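> Here is my input, please return the structure:
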Amino acid sequence: MYSITFEWIENEQLRSVKIHMDGKTKNPHAIRIGRDDQQCDLALPQSEKTVSRLHLEIFQPDVGSFYLRNLTKTNPPEKRNPAIVDGQLIMEQEVPVQVGTQVQVGKLTITLKAIQTTQAKPPVKPDPVYILKCNNLRTPHELPLEFTGSNCPYCGHLVLKPTYVHPIQ
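I've put the predicted structure just below:
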């Protein structure tokens, strides 16, 4: 999964929020932006009337790539509210976004500040440790690998090859 950090200026103050695309967003595998906090993961101020209640979403069609689509395109033509992505007016099309992309919604400009992988890396299996056991059937002795092909220094039995394996915990 991924997280995206957004940054914008609101009331002359720099705002920043990180949203995780972990399937728990309002619309799975997408981040919705607008004024309605019931529908949007990034809810902008209610006082900002130039931003639609459900304005746009950033989604992930493929691993590692992100696109933006305007959600106001379903409104009647006179109520459509475009998004402007890096200076390009977006109404019907879907456009790729990346770190540094600037999205203007109404009078606010939001910058995609960071995109990070939030996947936990699979645990690394420990390398096994090989040790030797002498051929003493009653009480075999554990020995370092350098005793391969020699006799056990404790009982004199032959040490042929590593016979005991255990992983490091």
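> quick one: contacts for the residue lying closest to residue 30 once chain neighbours are set aside?
Spatial nearest neighbour of residue 30, chain neighbours left out: residue 59 (4.0 Å); criterion: C-beta to C-beta, 6 or more residues apart in numbering. Where C-beta positions appear, they are placed from N, C-alpha and C, glycine not excepted. By C-beta atoms under 8 Å, 6 or more residues apart in numbering, residue 59 lies in contact with 29-31, 66-69.
> how about 10 Å then?
Residue 59 is in contact with 21, 25, 27-32, 65-69, 94, 97, counting by C-beta atoms under 10 Å, 6 or more residues apart in numbering.
> now do residue 145
Residues near residue 145 by C-beta under 10 Å, 6+ apart: 129-132, 159, 161-162.
> mind running it again at 7 Å?
Contacts for residue 145 (C-beta atoms under 7 Å, 6 or more residues apart in numbering) come out as 130, 132, 162.
> Give me the residue ranges of this structure where confidence is low.
Low-confidence segments of the chain (pLDDT under 70): 23, 74-76, 118-121, 128, 163-169.
> Break it down into its domains, please.
Following automatic domain parsing, one gets these domains for the chain: 2-117, 128-167.
> so of those domains, which one's packed in deepest?
When the domains of the chain are scored by mean count of other C-beta atoms under 10 Å, the highest mean neighbour count falls to domain 2-117 (a mean of 16).
> For that domain, what is the distance to the chain centroid?
18 Å (C-alpha atoms, centre = their mean, to the nearest Å).
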